[in-house]
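K.L.:
mind folding the following:
(one chain, ligands or ions: 3)
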Amino acid sequence: MQVSELFVSAPGKAILHGEHAVVHGKVALAVSLNLRTYLRLETSTTGKVCINLPNIDTFFCWDVSELKQLITYSHVMRAVFKFLCMKRSLVFTLCFIFSELPSLTVSVWSELPTGAGLGSSAAYSVCLAAALLSASGAIPTPLKEWDHTGRWCQEDLELINSWAFQGETIIHGNPSGVDNAVGTWGGMLRFLAGKIIPLNRVPLLRILLTNTKVPRSTKVLVARVKDKINKFPSIMTPVLDSVDAISCTCEKVLSEMTCEPITGEHYNILEELIDINQHHLNVMGVGHPTLDTLCQVTRTRGLHSKLTGAGGGGCGITLLRPETDYSVVQSTVQDLRDCGFDCWETSIGGPGVQQHSPLSIKEESLEILRRY
Ligand SMILES: Nc1ncnc2c1ncn2[C@@H]1O[C@H](COP(=O)(O)OP(=O)(O)OP(=O)(O)O)[C@@H](O)[C@H]1O
Ligand SMILES: C[C@@](O)(CCO)CC(=O)[O-]
Ligand SMILES: [Mg+2]
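P.N.:
Ligands and ions are numbered 1, 2, ... in the order given. Next comes the predicted model:
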């Protein structure tokens, strides 16, 4: 073990276009949010592995000897997978990253709503991968003495991303990898079949985020879409192809907006793409009455919305034009809050996974992380 106390964080994400279709090899455009998950890892001599997840009211503590027995008892892979069902990704990661099971405490605290479409599972998996890889010495800790945050080099980020993908596989079943890629690299990405292209030339977008607060599981929704594709392949394939074309058109428009004067027509196209994609997502069976309400309410204010992430409730995004007046945003937010939703204007493009000094973490988050 290389460290005694380590803090890392990773951002959540919003998918502009391509959710679900991306699982089936189509393009997705996704962007990091300035809402993050924080993780504290502390090595100890207690002979225990403890994990504290206050966001989901889950607290575990196991004797290292108990975990060791389980690992050597049967075939390693089988044991690990049996484990996973009960004890989630931590043990999985521990078994493979460390040659000796270490004694440590991991605490996670997130600003993201859990299970709401903003990539909370990926941010969690990215943090866990980065912290455990660093603690084991597989990658260095990038924080310099005089800095408050540190970022890993490209090669280390690739390793973190690949482990985070394993975490997502446990939580999601069949993830595309787009969420953990955004959690790892941050910024805006084009994602296609595991290929990640950072989009550096994109305009500053104003986005309203709405959480319908309807709980849902990405795993269940991804499986639902797969069933539908298997049942109606000739009907669903064109829908997925159309979503792919929407992502590509959106990417082209965003790129044009950085090299020519932004016009109303650019925004008209972005809005139409949002509307069409929302219809497609309903066709895939991942809509929800609350998401319909979101679209209707924002439409009465001249704004366009779609679900983001896996759908079935959770969060939606609303595109704001640069000229959208503050009073319009305020009234829309109020209308949506009156529907029982959480709603806020958000900034996008936060940095990917990073290591922190305690000084760079908000006091209240630090207090929660050190409480256990
Ligand atoms: N802060 C956290 N602490 C512990 N577990 C978490 C945390 N955040 C996410 N998780 C795990 O991720 C699960 C939610 O993942 P899920 O993929 O369904 O939703 P999401 O990632 O928020 O949305 P989407 O995948 O649509 O972006 C939770 O049930 C929990 O197992
Ligand atoms: C629904 C989905 O496309 C996005 C979830 O944020 C699933 C995935 O890509 O793994
Ligand atoms: Mg998820």
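
K.L.:
going forward, measure contacts and count neighbours with C-alpha atoms only.
P.N.:
Will do.

K.L.:
what segments of the stretch 51-200 of the chain are helices?
P.N.:
Applying DSSP state H, counting those that start in this stretch to the stretch 51-200 of the chain gives helices spanning 64-73, 76-97, 120-136, 154-172, 178-185.

K.L.:
is the fourth one in proximity to ligand 3?
P.N.:
No - shown here: helix 154-172 not in contact with ligand 3 (Cα under 5 Å from the ion), separated by at least 6.5 Å.

K.L.:
chain center to that helix: distance?
P.N.:
Put simply, helix 154-172 sits 12 Å off its chain's centre (Cα atoms, centre = their mean, to the nearest Å).

K.L.:
residue contacts, the spatially closest residue to residue 34 that is not a sequence neighbour?
P.N.:
Leaving aside its sequence neighbours, residue 34 sits nearest to residue 350 (Cα to Cα, 6 or more residues apart in numbering; 4.9 Å). Taking Cα atoms under 8 Å, 6 or more residues apart in numbering, we find residue 350 in contact with 11, 32, 33, 34, 35, 186, 187.

K.L.:
what is the neighbour count of the residue nearest to residue 152 when sequence neighbours are not counted?
P.N.:
With Cα to Cα, 6+ apart as the criterion, residue 152 has its nearest non-adjacent residue at 5.7 Å, and that residue is residue 142. Residues lying near residue 142 (other Cα atoms under 10 Å) number 16.

K.L.:
pretty sure residue 142 is touching residue 355, no?
P.N.:
Yes - because the distance of 6.8 Å satisfies Cα atoms under 8 Å, residue 142 is recorded as touching residue 355.

K.L.:
where does the chain have low pLDDT?
P.N.:
Applying pLDDT under 70 to the chain flags residues 1-2, 69-99.

K.L.:
do any residues in the strand or helix carrying residue 257 lie close to ligand 2?
P.N.:
For residue 257, the element it lies in under DSSP states H and E is helix 233-259. No - remark: helix 233-259 sits outside contact range of ligand 2, by Cα under 6 Å from any ligand atom, the gap being at least 11.7 Å.

K.L.:
quick one: buried residues of the helix or strand following that helix?
P.N.:
Next in sequence after helix 233-259, counting helices and strands by DSSP H and E, comes helix 264-283. Neighbour counts over helix 264-283 (16 or more other Cα atoms under 10 Å) mark 267, 270, 271, 273, 274, 277, 278, 280, 281, 282 as buried.

K.L.:
helices and strands around helix 264-283, which ones?
P.N.:
Other helices and strands packing on helix 264-283, by 3 or more Cα pairs under 8 Å, 6 or more residues apart in numbering; DSSP states H and E, are helix 233-259, strand 304-307.

K.L.:
can you name the residues that contact the closest residue to ligand 3 within the stretch 201-350 of the chain?
P.N.:
Ligand 3 sits closest to residue 218 of the stretch 201-350 of the chain, with a gap of 5.8 Å, by Cα to the ion. Contacts for residue 218 (Cα under 8 Å, 6+ apart) come out as 115, 117, 172, 310, 311.

K.L.:
just among those residues, which is most surrounded?
P.N.:
Among the contacts of residue 218, residue 117 has the most neighbours (other Cα under 10 Å), with 30 neighbours.
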